[in-house]
Structures are given as structure tokens and as C-alpha cells.
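Visitor: Provided below for reference: sequence and predicted model.
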Amino acid sequence: MTEQARVIPAQAGKPKLTVLLAAPRGFCAGVDRAIKIVELALQKYGAPVYVRHEIVHNRYVVEGLERKGAVFVEELDEVPNGVPVVFSAHGVPKSVFKGAEDRSLFYLDATCPLVTKVHVDAQRHAREGRTVILIGHAGHPEVIGTMGQLPAGNVVLVEDVEQAEKLQVDGPEKLAFVTQTTLSVDDTKAIVGVLKRRFPSIKGPRTEDICYATTNRQAAVKAIAVQCDALIVIGAANSSNSKRLAEVAQPAGCAKSLLIPRAADLDPRWLDGVRRLGVTAGASAPEILVQELIDSLRDRFDVTVEEVDITKEDIEFSLPRALTA
Ligand code: SF4
């Protein structure tokens with residue numbers, strides 16, 4: 001990995017604060033693609049374009065798209081006939097595609113291709129007669145979508161090491177695992193370790209299905225954590241990868257961490273005594289919100305920004321043909 005630091009000089013006359021800006025941070029290729037799908041659908045078909053669930057977990061993004069004519073709903077039965085509907089980046093159960101087809105709705109699937117890969121793997125394992133263990137967090141839309149690729153009874157959710165230790169299954173010699181893409185790399189390794197010890201013939205990906213963006217953002221936080229008194233993650237409370245960024249900071253050596261959606265959500269007292277602050281953003285948080293935080297810090301501090309770049313990302317996913325033809 002390369003490590004580069006870009007230094008933006010401080011202003012005079014206020015307490016000093018060094019901001020270590022983690023890179024990569026913020027938008028990933030899957031989020032970028034999902035937002036473009038909604039924007040292009042609005043351009044091509046006109047408003048309204050319906051979106052089932054928040055296209056990505058970020059209110060700023062969702063409200064920006066609402067202003068352009070997107071309408072966000074939780075379920076397909078809230079979508080009127082005759083308008084396009086987009087399925088969010090987290091993926092949807094098969095029953096949602098069927099529901100759309102039964103009503104002849106025109107839909108665009110913004111599921112991240114890395115989530116689709118997990119769906120395909122889970123289906124292959126089930127076809128080959130394996131029970132699929134999904135490592136993930138109950139209730140997250142990606143988990144609901146992945147579980148919904150398989151018939152009930154073919155998939156079991158495991159959330160942590162304790163559940164992996166206690167897991168009882170019929171046919172323990174015919175098991176496979178897949179994972180949510182936005183988990184903690186370290187926690188997931190521990191869960192996979194338990195499953196492999198208890199069920200030596202279990203099939204699965206070589207490591208796990210955690211995506212490149214989640215892995216890189218966690219690695220960037222770990223690289224700066226030990227040099228920081230505190231770390232702020234810009235992201236939504238319901239964003240899995242953002243929550244994991246706040247969690248990995250402390251075991252990596254940072255005294256405290258905080259997940260906030262916007263600069264205005266920061267209680268200024270939280271920064272008392274902080275001289276070196278780490279800053280990052282979840283994969284669904286736009287860069288403008290990171291810069292908003294830094295601008296607000298400049299009101300109170302003499303801020304020096306050092307960007308610590310641990311790796312470059314150049315992944316792009318193609319768009320649905322209906323939008324590019
Ligand atoms: S966080 Fe990973 S899996 Fe989720 S949309 Fe981004 S690239 Fe895809």
C-alpha cells in the first residue's frame with residue numbers, strides 16, 4: 001500500500017486542531033452507480049420515479065433526489081402503476097422482482113453488483129444442496145435481500161461469534177457461508193474461523209464477501225487511529241459500513257469515535273481536549289458533508305488538514321442498458 005500525506009496549512013489565532021483525513025472515504029462505486037441510476041431515470045422518463053427504500057442510506061442524498069422528483073417508498077404496493085421504480089443498492093428479495101413483474105411495473109435494479117455476486121453464490125450453494133449460513137445483521141435491507149434469494153429453511157442468519165458457536169443445523173456436512181458486504185473485517189474473520197472449526201467441510205468464498213470499499217475504508221481508519229485523540233465518521237445511523245468505521249477506530253488505538261450525519265449534529269464539547277482528530281465518511285456519505293464538517297471546525301479551531309491516502313480506488317460499475325441505450 002502507498003501512503004501519501006497532503007498538508008493544507010492552518011489559520012492563525014485559534015486553538016490548534018490537526019485533522020487527519022482518511023482516504024479512501026465516502027462514496028463507493030456501488031453507491032455512485034445507484035444514485036446515477038435514479039438521476040438518469042429521472043432524465044429519461046421524467047418525474048416521478050419511485051424508489052423502493054432509501055437508494056443509499058443517506059438523508060442528504062435522498063432529499064437531493066426528492067427535490068429532482070424521486071419518490072421514496074418502503075414497499076412495492078406503494079408504487080402506482082405506470083411509473084418506473086428503482087430497487088436500492090442493498091438488493092431486494094426475489095419476491096420483490098416477482099411482485100413488480102406480476103404488476104408489469106417497469107423496474108431498474110440498482111443492487112450493487114458486489115451484492116448481486118453474493119446472491120448468485122448463495123443460490124448456487126442452495127442448488128448444490130447446501131444450507132447457506134449468512135453472516136450479517138438481522139433487519140438490514142441487504143440481509144433481507146440475500147435471505148430472500150433462497151427458499152425459507154435453506155438459509156440461516158448468524159450475527160456474531162456466540163451464535164456461530166451455538167449453531168445447530170441439519171446436515172452439518174452440507175453447509176456453505178456467505179456474508180453481508182459491509183461488515184467489520186475483523187469480526188467477520190472471527191465468525192468464519194468458528195464456522196470452519198466447527199464445520200470443516202463448509203464451503204465459502206476464500207475470505208468473506210466484504211467488499212473492497214468497506215475493506216479499504218476500515219483499513220484507512222486503522223492507519224490513522226493510533227495517531228488520533230478522536231475520530232468522527234460522517235454517515236447515517238442506519239448505514240452498516242459507517243457504523244463499522246466508528247467501531248473499528250477504538251480497537252485500533254483511537255480513544256473515542258463518533259458517527260454523525262452532518263456537522264450540525266456534533267456537540268462541540270465532544271472535541272474538548274482533542275488536538276488530533278481523524279475524519280472519514282461511510283460509503284454512502286458524499287464528500288460535501290466531510291468538507292462541511294471541516295469548514296465548521298475552522299469556526300472554532302486553527303485547523304491543519306493532513307490527508308492520509310492508503311490506497312487508490314478506480315472501480316466503476318456499468319449502468320443498466322435501458323438507461324444508456
Ligand atoms: S459498500 Fe460495497 S457492496 Fe455496498 S454499494 Fe458500496 S461497493 Fe457495493
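Guide: Done, it's in.
Visitor: how about the residues of the chain near the ligand?
Guide: 28-31, 89, 112, 114-115, 181-182, 211, 213-214, 241, 283 (CB under 6 Å from any ligand atom). For glycine as for every other residue, the C-beta is placed from the backbone atoms N, C-alpha and C.
Visitor: next one: the residue nearest to Asp170 when sequence neighbours are not counted from Thr116, what distance?
Guide: Sequence neighbours aside, Thr131 is the residue nearest to Asp170 in space, at 7.3 Å (criterion: CB to CB, 6 or more residues apart in numbering). Counting by CB to CB, to the nearest Å, the separation of Thr131 from Thr116 is 21 Å.
Visitor: ok, these two, which is more surrounded?
Guide: Neighbour count, other CB atoms under 10 Å: between Thr131 and Thr116, Thr131 has more, with 20 against 16.
Visitor: local confidence estimate at the more buried one?
Guide: Per-residue pLDDT puts Thr131 at 97.
Visitor: residues touching the residue in the chain that the ligand sits nearest to, list them.
Guide: In the chain, the residue that lies nearest the ligand is Gly30 (2.4 Å; CB to the nearest ligand atom). For Gly30, the contacting residues are 89, 112-115, 211, 213, 283, 317, by CB atoms under 8 Å, 6 or more residues apart in numbering.
Visitor: before we move on, what about Ala138?
Guide: With CB under 8 Å, 6+ apart, Ala138 has these contacts: 157, 159.
Visitor: what stretches of this protein score poorly on pLDDT?
Guide: 1-12 (pLDDT under 70).
Visitor: residue boundaries of the helices in it?
Guide: For the chain, the helices defined by DSSP state H occupy 29-45, 59-68, 94-102, 113-127, 141-147, 161-166, 185-198, 212-225, 240-249, 287-300, 321-324.
Visitor: highest mean neighbour count out of these?
Guide: For the helices of the chain, the largest average neighbour count (mean count of other CB atoms under 10 Å) is found in helix 240-249, namely a mean of 25.
Visitor: if we look at that helix, which residues are touching it?
Guide: 57, 137, 140, 142, 180, 182-186, 213-214, 217-218, 221-222, 225, 228, 231, 233-237, 257-259, 278, 280-285.
Visitor: of those, grab the buried ones for PyMOL.
Guide: The following PyMOL line selects those of the contacts of helix 240-249 that are buried, judged by 16 or more other CB atoms under 10 Å:
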select buried, resi 57+137+140+142+180+182+183+184+185+213+214+217+218+221+222+225+228+231+233+234+235+236+257+258+259+278+280+281+282+283+284+285
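Visitor: just to check, Asp295 is in contact with Ile288?
Guide: No: Asp295 is beyond contact range of Ile288, at 10.2 Å (criterion: CB atoms under 8 Å).
Visitor: check the offset of stretch 77-96 from the chain's centre.
Guide: Put simply, stretch 77-96 sits 20 Å off its chain's centre (CA atoms, centre = their mean, to the nearest Å).
Visitor: residue contacts, Ile224?
Guide: 20, 22, 231, 254, 278, 308.
Visitor: what of Lys36?
Guide: Leu319 are the contacts of Lys36 under CB under 8 Å, 6+ apart.
Visitor: from Val71, how far off is it?
Guide: 18 Å.
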